[in-house]
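J.: Fold the stuff below for me.
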Amino acid sequence: MGAQVTSKTKRADAEARLREVGVRLTTPRLLVLQALSREPHDATAQEIHGRLRTSGSPVGLATVYRTLTLLQECGAVDALSHRRGESCYRLCGPGHHHHLVCSACHQVQELTECELDDWLAGVGKKHGFRPTSHSLEVVGICSDCGAG
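T.: The predicted structure follows:
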């Protein structure tokens with residue numbers, strides 16, 4: 001795996017990405033990014049909103065949802081779908097990567113190595129399809145929760 005990227009670096013990268021695409025860094029957006037940078041793995045919009053309220057931040061739930069959607073659309077955060085019925089958001093390192101997600105404790109590991117391009121090109125050619133991007137989220141049980 002690549003070098004460890006700190007949450008401070010991830011947040012700075014996300015802020016830079018927003019500036020790059022012309023998105024203003026409003027106080028609510030910065031507060032949501034700050035809350036995400038404190039998450040060791042991922043969090044739902046409801047969890048982020050709860051943490052903001054606990055810390056005294058007056059950011060509404062609708063604002064949190066809108067902000068997370070915007071951050072995802074701009075490529076500043078990743079949305080994971082391992083929880084049934086709701087997305088989880090994660091401030092990730094830059095560049096192409098995939099995720100291993102524990103369905104018990106919700107621990108998330110970023111995988112920076114990817115060997116899918118050649119396989120996808122072959123499958124795409126076989127089916128008359130040209131892949132332009134991909135993402136992979138592998139859900140399972142981590143060793144801390146009893147796999148093995």
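J.: mind listing the strands for the chain?
T.: Counting by DSSP state E, the chain has strands at residues 78-80, 88-90, 98-102, 108-111, 137-140.
J.: What count of nearby residues applies to Gly75?
T.: Residues lying near Gly75 (other C-beta atoms under 10 Å) number 14. Yep, even glycine has a C-beta here, placed from its N, CA and C like the rest.
J.: Could you verify my assumption that it touches Arg17?
T.: Yes: taking C-beta atoms under 8 Å as the definition, Gly75 is a contact partner of Arg17 at 5.8 Å.
J.: Arg17: neighbour count?
T.: Arg17 has 16 neighbouring residues, counting by other C-beta under 10 Å.
J.: mind checking how far it is from Leu33?
T.: Distance of Arg17 to Leu33, given as C-beta to C-beta, to the nearest Å: 10 Å.
J.: what sits in contact with each of those two?
T.: Ala76 (C-beta atoms under 8 Å, 6 or more residues apart in numbering).
J.: circling back: tell me which of the strands of the chain is the most buried.
T.: strand 88-90 (a mean of 23; mean count of other C-beta atoms under 10 Å).
J.: Tell me the gap between that one and the middle of its chain.
T.: Chain-centre distance of strand 88-90: 4 Å, with C-alpha atoms, centre = their mean, to the nearest Å.
J.: now swap in stretch 57-65 and tell me
T.: 19 Å.
J.: tell me the mean pLDDT for that stretch?
T.: Throughout stretch 57-65, pLDDT has a mean value of 95.
J.: per-residue confidence at Glu15?
T.: What the model reports as pLDDT for Glu15 is 88.
J.: Can you give me every residue that contacts it?
T.: Contacts of Glu15 (C-beta under 8 Å, 6+ apart): 25, 30, 33, 76.
J.: do you know how far the spatially most central residue of the chain is from Cys88?
T.: Centrality entry for the chain: nearest residue to the mean C-alpha point is Asp78, 2.5 Å, by C-alpha atoms, centre = their mean. Distance, Asp78 to Cys88, by C-beta to C-beta: 9 Å.
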